[in-house]
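[1] Return atomic coordinates for the entry below.
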Amino acid sequence: MIGLPTLAIPPGPKPPRFGINQSYVRALVAAGCAPVLIPLLDDDERLRAIYERLDGIVFPGGADIAPHEYGEEPIGDLNVVEAARDRTELTLARWAFADDLPTLGICRGQQVLNVALGGSLWQDLRHQGVTSIEHSDADGRARNAMIHGAADRRDRYPGQQPAPSGRQDRRTSTTHYWTISRWRHRGP
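    Numbering: from 1, shown residues only. Sure thing, here's the model as predicted:
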């Protein structure tokens, strides 16, 4: 059973509810897993009861992590933050690290894992002068628009095959205007 934390869906035509992008569930099922959707709970005892039954956790993409979670004040135009989601996911990530439970972070999930270990984030790459490239999709471009290069670094790791056709640089799409600034890891 693989845990998949949900997000809060505010009331609208329907009452408030918890949910997640179906592509995460489909991918876990296709990989032979039994996904377990984890609601955002304030009760650690009930959250721990769910956690204890899991074989791993996938932390999905989503909204910004509140800067106070990594010891910073918000800068510029902070997007939506979800305090209940931050709390639930950071709690689950810290338990998983302590218990050596397998985890996978996708987009926001990678930042959650880093913050849970004590790392920090660049809140806005352009605003903080890290890059001049517009990484958000606020300019209206398609999410799959190729906007900047990314180097293939497989040659840096023993046993890895070189990039196909010897090509080292690729174009990539991105909507990540925030990223890890100080990486924390456990182990040597």
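[2] F97: what secondary structure?
    Secondary structure assignment for F97 (DSSP: H, G, I helix; E, B strand; the rest coil): helix.
[3] what number of residues lie near it?
    Neighbourhood size, F97 [other C-beta atoms under 10 Å]: 15. (Glycine included, C-beta is placed from N, CA and C.)
[4] any idea how far it is from P13?
    In this view, F97 and P13 are 40 Å apart by C-beta to C-beta, to the nearest Å.
[5] Helix or strand with the lowest mean pLDDT in this structure?
    strand 179-182 (a mean of 52; mean pLDDT, DSSP states H and E).
[6] which ones are touching V29?
    The neighbours of V29, taking C-beta atoms under 8 Å, 6 or more residues apart in numbering as the test, are P35.
[7] Check which helix or strand it maps to.
    helix 22-30 (DSSP states H and E).
[8] now A8
    Counting by DSSP H and E, A8 is part of strand 7-9.
[9] partners of that strand in the sheet?
    Applying DSSP bridges, strand 7-9 is found paired with strand 17-19 (antiparallel).
[10] Other residues contacting the strand it pairs with?
    T6, L7, A8, I9, L37, P39, L40.
[11] In a helix, the fifth one, correct?
    Read it as L37. No. Assigned with three-state DSSP, L37 falls outside any helix and is strand.
[12] Now do the contacts for it.
    L4, T6, F18, I20, V25.
[13] P35: neighbouring residues, count only.
    P35, neighbours per other C-beta under 10 Å, totals 18.
[14] Looking at strand pairing, list the partners for it.
    I2.
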